[in-house]
Structures are given as C-alpha cells and as structure tokens.
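Student: Turn this into a structure:
(chains A and B)
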Amino acid sequence: MTLVTETAIDAAADPRDRGGPAQPMLIVENIKKYFPIRAGLLNRKVAEVKAVDDISFYVMKGETLGIVGESGCGKSTLARLLMYLIERDEGNLVLDGDLVGEKSGVPIDALRRSLQMVFQDSYSSLNPRLPIEQSIAYGPKVQGIKPKKAKEQAQDLLGKVGLRPNLFSQRYPHELSGGQKQRVNIARALALDPRLLILDEAVSALDKSVEAQVLNLLSELKEQLNLTYIFISHDLHVVQYISDRVLVMYLGQVVEIGPVDKLYSNPKHPYTQALLACRLSMDPDERVDAAPLAGDPPNPVNPPSGCRFHTRCPHAEDICMAKAPALGDVLKATPDQHLAACHMAQAGSGHSKAPATLAELFNI
Amino acid sequence: MNQIQTPDLTLAEPARAKAAPFVKVRDLKVKFVSREATVQAVNGVSFDLARGEVLCVIGESGSGKSVMMRSLLRLHPKKRSVIEGSMLVGDNEITTVSDKKMTELRGSTISMIFQEPMTALDPLYTIGDQIAETVMRHQKVDRDAGMKRALELLELVRVPSPERRLKAYPHELSGGLRQRAMIAVALSCNPSLLLADEPTTALDASVQIQVLVLLRKLQRELGMSMIFVTHDLGVAAQIADKVAVMYAGRMIEYGEARDVLVNPQHPYTKAMLASTVKDQHKGEALEAIAGTPPDLRALPPGCSFAPRCKFAVDACRAAMPEPVSDARGHYARCIGVESTGGALRFAAPKPELALAG
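Tutor: Numbers count the residues shown, from 1 in each chain, chains lettered A, B, ... in the order given. Sure thing, here's the model as predicted:
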C-alpha cells in the first residue's frame, strides 16, 4: 500500500486535482455496449453482440491498471467507450468525482482533454500527409491554443519522448521506424496535458528491443507528468512489469481483478490460470507439450449460459452452467482486494471445490 | 587473434557429418537494386540444416531474416534483386534451377507459412478449394481427390468440424483457425522443407501456444526440416533445435538452442535477452538496446552492431569479425569472444589490446 499513498501525495500537489487523493481518477459504473446485428429487408435487429457487458471498475490516481484478455473479449471496445469514441448503451463514467456527459458534470471535450489514447498500429493512427510536428500540434489547436504556441509545445514534447526536435519535427510518418512512430503517438497523446492515458496494445507491434525502450519511456513520463495509465495488452509479461493492478476480461465481462502480485502469484479464476500458463519460457528445456487453453472464445452473440468460461474450463460442474458467478462489488472493494468471478473462489456456491462456508466449518 | 577461425560447419558436428545436410546455404548475399540506392539485405549467410531439424532465425525487423527465407523460394522480383552464393535444397540448386522447376518445387518440396493468414489466403475461395488447388496442381489429381485430401489435412491440423470448415471462406474463421488452414495448405504436398515466417506473431498468446505445439508435433511426425523466423525469443525456445541470430543481414551467433538462448555470447544476443520483459522488477528500468538497427543502404565497414554496442572498441569498427566457434558448433562473430576449453567465453575487449591486435 505504500505505493498508493506515495502517489496520492503527488496527486494532491497537482493543480488539476479536484476530488482529492482518495477519489479515484476514473470510475466506470456498469457500462454496457451491445452492437446490433441487422438483417433482412427491413434491416431489423436480429441479434446483438454483447461486446461489453456490465463492466465496473475504478482507476486510482497515479496507478497503472492493466487489462488483459484474448482478442474479441471487448478490451478495445471498452477503451473506446471510455474515450467516447463510441456511444455506450448504459452506465456511467465518473472522472475525478464528476459525472461525464451529464448537464452538471464534465463535458465530453473536457473529458477528451483529460483522457487520451495511444493506439496499437502506430502507422495508421498518424496522418501520412502531416509532418509529425503538425500532427502533435493539431489537438491543442483544435482546443483553442495559438498555432505558434502549439508548435513550440510540440517541439518540447518531441524532446520529452526522446526524438530531437530539430531532426524530427518536419519528418513525415513514413520516414520513421515503428518505435519512433509510437513515440510520436505518445507525444501527441500528451499534447493536451492529459491526466489519464489509455494505451491500447501500444507496444504489441514493436520489436522486443524497441518495446523495452518504449516501456522505459512510459515509466519516465508517468513520473514526470503525474500520469495514470490504463494499459491494455495481451502480453502478460509486459502487463506484469508495468501494472499496479490487473483486470482480466473474458467475453465482455470482468472475471478477475486484483493487485498484480496477488493475481500473478495466486490466480483464482481458471481462465487467469490458463492465460498465465500460456506465457512462454525462454528456456528450451521448459517446453509446453499441451496448450493450456484449447479452442477459441465462444461467440459473443450467444454467450454460454451461467459462467461464460464453462465451455473451456477444466473444473466446470453443473452449477457453472446453471448460475453465473458474481465478481462482487468492485466499486466498494479497496485497491488491494483480489476478486474473482468463479464459483470455486466463493464459499457456499455449490461447486465441489469451493472453500467451506463458516457454517460448514463449524458443522452447524 | 589466433583463436579466430572460420567454423567448419560439417566438422563442427560429428553426429551430423555422416548424413549430408538437406539444406546447404553458402555465402548467400541478397541485394535489392533500384535507381536511388542498393540495399544489402543479406550479407553472406551460411548454414546447414539436416532432415527433420528446426532452425529458428531470430532478429529485429529489417535484419534480413525474411529476405533470406524468401530467397530460398526465389520469391524476390527478378529484375530488382541480385542473389549471390549457393542454396542447395536436396539436389536442387535454387539459384540456378529453371523457372519451371522452381514452380514445381514451390508448394511441394519447399512450402511456406506466412505471418498474416488473412492476406495470404484468397478471400474469394473457400478453404477447401485453396487446399485442393495446391494438391491438384502438384499431384495431378481431380477435384474430388483434392477435396478428400483437403479434408484429411484439416483433420491433421486439428480444425474442429472440418467438413463444415472446408466450405468456409477465410473471413468466417478466427485468427487461429485461419493460421491452421494456412498450415494445411503448406503441408498439402508433404513438403520436405517448411519455411515459417513469424507464423504466430499475429495470434493471441493462448492460440499461439496451440499453433506452436501443433507445428512441433507435425514437424516431428512428418520428419520435415523447418526454418522458423521469429523475433520472439520465447517462441524460439519452444520450437528450435538450432538458433541463429541475425543482425544487419549476417548471422552473428549460431548454435544449439540451449547454447544460444541460455548461454549467449554475442553482446547483441545478450542485450536482446536482457531487454525482453520477463519477471523484471517494477520500477527497475529495462535494459533496452539504445539506438536503431543500421541503414542497410550504407552499412558501417566493421561489426554492424558496434554503433549500439556498449563494449565496442576501435578494432570493432575496422572489420567484421570472423566467427569463433567451439567444439559443439556454437559460434559468434565478435572480437570479444574466445573459444577456451571447448566453450565460448565473452570478455569485454580492452581498447589498447584490440588496437595492438
């Protein structure tokens, strides 16, 4: 807990801070997004893809929250919902104590100033016709900063991300390597002086040596600029290295959330256990002979009944098919609490491997 | 500098010396020529590969690993590329065989799995048609026999409900299934040499391991030789018998998977291992390799890694060091590496000593 208190003191010194150090940077309440599938002559809705299905969590100030899961589990949809790049169906966002998008709350453009995003594909997320300096200055100009000042700020930011402004500012994206382009994307995200950065697979497309450079840069920037990160990735090694807390998603739902050390040393959900077993060892003597997780995730249009993981779970029992396990109230839990939506982790759930309840313990 | 000697690859490994290697590449150089510049993508690569052996080629983007592999299939545009050296696959000298023979070899003796199955498969044909096409083309059978073989292959690569997938189009399959279909196409004519160009990079960790386990199993069952290109050291550890590390178009370290991955000698291999994120402590900065790979249009005269190497001395910049090898065939191209007592040892070169030498 030392980490949280330390960063809390830093956050209190930030003039942008409104809610106080104990107020989470961002609270996400029961957010939902169902994409309709339309078909037929009248283009009626025939089904829905439950991309993000009732997700709640919070991010403390100065914290890095890692989000992991297989492709198609809704990680990126969640990131886009947080940025208001797509409309949510239900749910609320609370930014530093204020509701987002309501009449008395934070307007959307203020949200976009506080929240910025770095995308996976460093090339397609930059405008190929703009020199990178202009790409970086674009956001501030739109938000009403004078062009000359925006340009100076862009040069300053290029220096911060390790690209010498006099050498790089007039270059076009195609003249840069993958790592350099990702640095430009980070600089652009920082141009509006955000407080929370969403990194959606920001290092996944990079070579390992460049990945290390960018990860080092991210840690430096976080300290310098008092940032909070939401780090989305499918690389569990990287998530372990960078995160304070980790959230595991499966088919649009949170299956496990907890501090990184607890979650990695003692994963409670079988899905998390399988994901962790998929990490590859560097030692040729430690080869994996059978894949820890067979098959692909089921179709999110028709998710399985009960626990959505029961179709691939080695411990599935009747109760798993009948009843969906609850994660517990994430918003009321403290940051060091470790929660899992699995019947095996919950006493009295009816699963044969569930821990004994108090009544059973005392034979009442 | 008496220790520095050219590795005799056939003698280095007594066990393999008996059987002639299946793939024999000697001093392969690939240049791409255009009006603006000449790009030296591969600068003298030599290696042997026995039947049923897996060679993993590791390197950053732009190190020439994919170019080297594509030249084994002669996939480079003829007019704009210059290929020198020799590539022997079985009895066929790839650099000189006729175009007709090459077409025959592609897909039957040598076949390839590409990184991105969505772009490598044709979106307008069903999976079954695409597998059957290769079979019909090379084994001169009719469509029914081709489709029957396609079904067998989908079963072989463990695609669930293969009859249904036979009629599916690529967009109807998930990434993992598409890559399995791609592997089925590559295996359709029982190739002796399978080239795999980062086949698992685009996949999720959970699917990646499924595909790796499958590839290793098939490779062993069918007795294929395989050249596997990757930039992920964890993937190499899973599948490789031999590992070669490439940098700026040269193999700078080569040896048994264990030797290279657990006991690396070249500073570049060491730095790559150190910069890979794995169980490092939070708060500690990662040991990233500073800088970027060199521009292949204007390579420095000496060791190509010298500009980024923390041990570099003047002698490194003078000439590319010759490989130093040990008794087990493990070699590294670095002036700091010495072969003592049958094993390689790296010691940071001292500036004054190196100058004297």
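
Student: So which bits of the top helix by length along chain A are buried?
Tutor: Using DSSP state H, we find that the single longest helix of chain A is helix A:208-225. In terms of neighbour count (16 or more other C-beta atoms under 10 Å in any protein chain shown), helix A:208-225 has its buried residues at A:208-219, A:221-222. C-beta here means a position set from N, CA and C on the backbone, and glycine is covered the same way.

Student: swap in stretch A:297-311?
Tutor: For stretch A:297-311, the neighbour count (16+ other C-beta under 10 Å) marks A:297-298, A:300, A:303-304, A:306-311 as buried.

Student: is it fair to say A:V28 lies in a strand?
Tutor: Yes - the assignment for A:V28 (DSSP: H, G, I helix; E, B strand; the rest coil) places it in a strand.

Student: pLDDT below threshold where in the chain?
Tutor: Picked chain A for this. For chain A, the stretches flagged by pLDDT under 70 are A:1-13, A:363-364.

Student: To clarify, I was referring to chain B.
Tutor: In chain B, residues with pLDDT under 70: B:1-19, B:351-357.

Student: Neighbours of residue 296, how many?
Tutor: Just going to use chain A. Close neighbours of A:D296, defined as other C-beta atoms under 10 Å in any protein chain shown, add up to 20.

Student: if you could check chain B rather than the one you did, that'd help
Tutor: 22.

Student: Report the contact partners of it.
Tutor: Going by C-beta atoms under 8 Å, 6 or more residues apart in numbering or on different chains, B:L296 touches B:39-41, B:62, B:64, B:248-249.

Student: And for B:A120?
Tutor: B:A120 sits in contact with B:114, B:182, where contact means C-beta under 8 Å, 6+ apart.

Student: and the gap between it and B:I113?
Tutor: Distance of B:A120 to B:I113, given as C-beta to C-beta, to the nearest Å: 8 Å.

Student: Quick check: neighbours shared by those two?
Tutor: Overlap of the contact sets of B:A120 and B:I113 (by C-beta under 8 Å, 6+ apart) consists of B:M182.

Student: What sits closest to the closest residue to chain A within chain B if chain neighbours are left out?
Tutor: Closest to chain A within chain B is B:G234: 3.1 Å, counting by C-beta to the nearest C-beta. Nearest residue to B:G234, sequence neighbours excluded (C-beta to C-beta, 6 or more residues apart in numbering or on different chains): A:L280, at 3.1 Å.

Student: what about that neighbour, how many neighbours?
Tutor: A:L280 is flanked by 23 other residues according to other C-beta under 10 Å.

Student: Quick check: closest non-adjacent residue to residue 114.
Tutor: Because you didn't say which chain, this covers chain A. Counting by C-beta to C-beta, 6+ apart, A:S114 lies nearest to A:R195, which is 4.9 Å off, once chain neighbours are set aside.

Student: try chain B instead
Tutor: Nearest non-adjacent residue to B:F114, counting by C-beta to C-beta, 6+ apart: B:A120, 4.0 Å away.

Student: B:L49 too?
Tutor: Nearest residue to B:L49, sequence neighbours excluded (C-beta to C-beta, 6+ apart): B:V23, at 4.0 Å.

Student: residue contacts, the one you found?
Tutor: Contacts of B:V23 (C-beta under 8 Å, 6+ apart): B:47-49, B:72, B:87-89, B:193, B:225, B:227.

Student: let's go with 7 Å and repeat that
Tutor: Each residue near B:V23 by C-beta atoms under 7 Å, 6 or more residues apart in numbering or on different chains is listed here: B:48-49, B:88-89, B:193, B:225.

Student: for A:G19, same thing?
Tutor: Residues near A:G19 by C-beta under 7 Å, 6+ apart: A:96-97.

Student: Return the distance of it relative to chain B.
Tutor: Distance, A:G19 to chain B, using C-beta to the nearest C-beta, to the nearest Å: 26 Å.

Student: Now that residue. Its backbone dihedrals?
Tutor: For A:G19, the backbone dihedrals (degrees, to the nearest 10) come out as phi -80, psi -10.

Student: Quickly note the distance from it to A:L95.
Tutor: Distance, A:G19 to A:L95, using C-beta to C-beta: 9 Å.

Student: Residue 345: neighbour count?
Tutor: All of this refers to chain A. A:A345 is flanked by 21 other residues according to other C-beta under 10 Å.

Student: look at chain B instead
Tutor: Residues near B:R345, counting by other C-beta under 10 Å: 14.

Student: in the helix or strand containing it, what counts as buried?
Tutor: Assigned by DSSP states H and E, B:R345 belongs to strand B:343-346. Using 16+ other C-beta under 10 Å as the test for burial, strand B:343-346 gives B:344, B:346.

Student: Point out the other elements, helices or strands, that it touches.
Tutor: strand B:337-340 (3 or more C-beta pairs under 7 Å, 6 or more residues apart in numbering or on different chains; DSSP states H and E).

Student: Just checking: what are the partner strands of the strand it packs on?
Tutor: Note on strand B:337-340: by DSSP bridges, its sheet partners are strand B:343-346 (antiparallel).

Student: what about B:L299, how many neighbours?
Tutor: B:L299 has 16 nearby residues by other C-beta under 10 Å.

Student: and the residue in the stretch 201-350 of chain A positioned nearest to chain B, what does it touch?
Tutor: Proximity of the stretch 201-350 of chain A to chain B (C-beta to the nearest C-beta) peaks at A:L280, 3.1 Å away. Counting by C-beta under 7 Å, 6+ apart, A:L280 touches B:234-235, B:237-238.

Student: repeat for A:A340
Tutor: Applying C-beta under 7 Å, 6+ apart, we find A:A340 in contact with A:255-256, A:268-269.

Student: same check, this time on B:V157
Tutor: By C-beta under 7 Å, 6+ apart, the contact list for B:V157 reads B:180, B:183-184, B:214.

Student: switch to 6 Å and redo it
Tutor: For B:V157, the contacting residues are B:180, B:183-184, by C-beta atoms under 6 Å, 6 or more residues apart in numbering or on different chains.

Student: Sweet, I'm off.
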